[in-house]
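**Student:** Have a look at this fold, sequence not included:
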């Protein structure tokens, strides 16, 4: 089974390396020529999104909770290629139906149609693109600037013809202040329930099955089990498979449905003498095997403010390296683990489901160490603490 999985993985990597264009979300936002700033309830803004665009600035600064109705019309065409192997394809704002080759492409919204109208709030790496399509009611989870774009690659944009005409109507005003917000939508504020005594009890590192120390604990979440799962889901993180068998089955089923497979499992690590409760990943679909943002979550035996405290060890896989324990192949992590800590913090905070955020320094901060497989990493030693908003659907602690 392992050989079969490795073969499938190698094939996907080969295809990705040969023909995968850069993802559209990496391009700097473009300017919108007909966009306006702000809107009273009932007022409408209009703009055209060219098929050659990646991200277009609507010049609309939204408040938390501000509600919009977005509708679009028009047609974009991908011309036939010069070889004649690909015919011209025209489509509306919902995009083209997904095909087999879309499994080997990188689009900002992997589950949406190829060429669909999409949006995002903010410009940072943690901004989560979402499907707009022909029509959508949208509520801003945090303050930020609204951008619209096309669910396509650089290569698509270089030859695309036509445009979508978009009408944005303000439905309800939000609360607070519109405009650019701090990364992730929240400033740091002291969290009194996270006491020095509690930080003393939190282990600095996790370990492998043999007890070798590994990744550092770099985030703490305060909230119920349901709130933790809901926050990660809202931020675009997916729960990973727990076994190689699940990997093969899920990959086959997703391929049959022409959906990207993002849930490649991660190794089991230990904290509080038990395996992780959850594993979550953010990834570029076709590169999920060798490059992904990922983390493990453990429920601690401690509480803060009457709510469970969850420990998170987050790292960013950037390739492969030799496992110094057994000379096997293992993932290489970005040695700057603080960057991944901030990425996780910003993606979760950007959902509007975080009530408070702070950076805290424990008494014995970890600033430099090696993973269980021998890779080095560095940190400023701080932990990010996120207190999740109570959810009516949260019933399980």
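**Tutor:** Looks like it came in fine. This structure is a prediction, so every number in the text was calculated from the model and none was measured. Residues are numbered from 1 along each chain as shown.

**Student:** what kind of secondary structure is the nearest residue to residue 131 once chain neighbours are set aside in?
**Tutor:** Among residues not flanking residue 131 along the chain, residue 112 sits closest, at 4.3 Å (C-beta to C-beta, 6 or more residues apart in numbering). The C-beta positions use only the backbone N, C-alpha and C, and glycine is treated the same way. Here residue 112 is recorded as coil under DSSP: H, G, I helix; E, B strand; the rest coil.

**Student:** roughly how far apart are residue 112 and residue 124?
**Tutor:** Counting by C-beta to C-beta, to the nearest Å, the gap from residue 112 to residue 124 is 21 Å.

**Student:** When those two are compared, which one has more neighbours?
**Tutor:** Legend: neighbour count by other C-beta atoms under 10 Å for residue 112 and residue 124, higher for residue 112 (20 against 15).

**Student:** Extract the residue ranges of the chain that are flagged as low pLDDT.
**Tutor:** Residues of the chain meeting the criterion pLDDT under 70: 1-39, 83-85, 99-106, 176-185, 241-265, 283-292, 317-333, 372-374, 392-397.

**Student:** Let me see the domain layout of it.
**Tutor:** 2-172, 183-388 (automatic domain parsing).

**Student:** Tell me the backbone dihedrals of residue 236, please.
**Tutor:** Note on residue 236: its backbone torsions stand at phi 90, psi 10 [degrees, to the nearest 10].

**Student:** Show the contacting residues for the closest residue in space to residue 139 that isn't next to it in sequence.
**Tutor:** Among residues not flanking residue 139 along the chain, residue 67 sits closest, at 4.9 Å (C-beta to C-beta, 6+ apart). Residue 67 is in contact with 137, 138, 139, 140, 170, 171, 172, 174, counting by C-beta atoms under 8 Å, 6 or more residues apart in numbering.

**Student:** Just the helices from the stretch 251-397 of the chain, written as ranges.
**Tutor:** 337-349 (DSSP state H, counting those that start in this stretch).

**Student:** tell me the contacts of the nearest residue to residue 189 once chain neighbours are set aside?
**Tutor:** Excluding its sequence neighbours, the residue lying closest to residue 189 (C-beta to C-beta, 6+ apart) is residue 356, at 5.7 Å. Listed by C-beta under 8 Å, 6+ apart, the contact partners of residue 356 are 186, 189, 191, 385, 386, 387.

**Student:** what's the spacing between residue 356 and residue 304?
**Tutor:** 11 Å.

**Student:** One more: residue 73?
**Tutor:** From residue 73 to residue 304 the distance is 50 Å (C-beta to C-beta).

**Student:** End to end on stretch 356-368, go ahead and measure it.
**Tutor:** Counting by C-alpha to C-alpha, to the nearest Å, you get 28 Å between the two ends of stretch 356-368.

**Student:** List the buried residues for that stretch?
**Tutor:** Applying a neighbour-count criterion of 16 or more other C-beta atoms under 10 Å, the buried positions in stretch 356-368 are 356, 357, 358, 360, 362, 366.

**Student:** cool, stretch 381-388 as well?
**Tutor:** 381, 382, 383, 384, 385, 386, 387, 388.

**Student:** So which of those sit within strands?
**Tutor:** Among those, the ones falling in strands (DSSP state E) are 383, 384, 385, 386, 387, 388.

**Student:** which residues touch the third one?
**Tutor:** It refers to residue 385. Counted by C-beta under 8 Å, 6+ apart, residue 385 has contacts 191, 194, 219, 220, 221, 222, 356, 357, 358, 359, 360.

**Student:** Kindly report the same for the first one.
**Tutor:** Contacts of residue 383 were listed using C-beta under 8 Å, 6+ apart, and they are 199, 202, 217, 218, 219, 220, 341, 359, 360, 361, 362.
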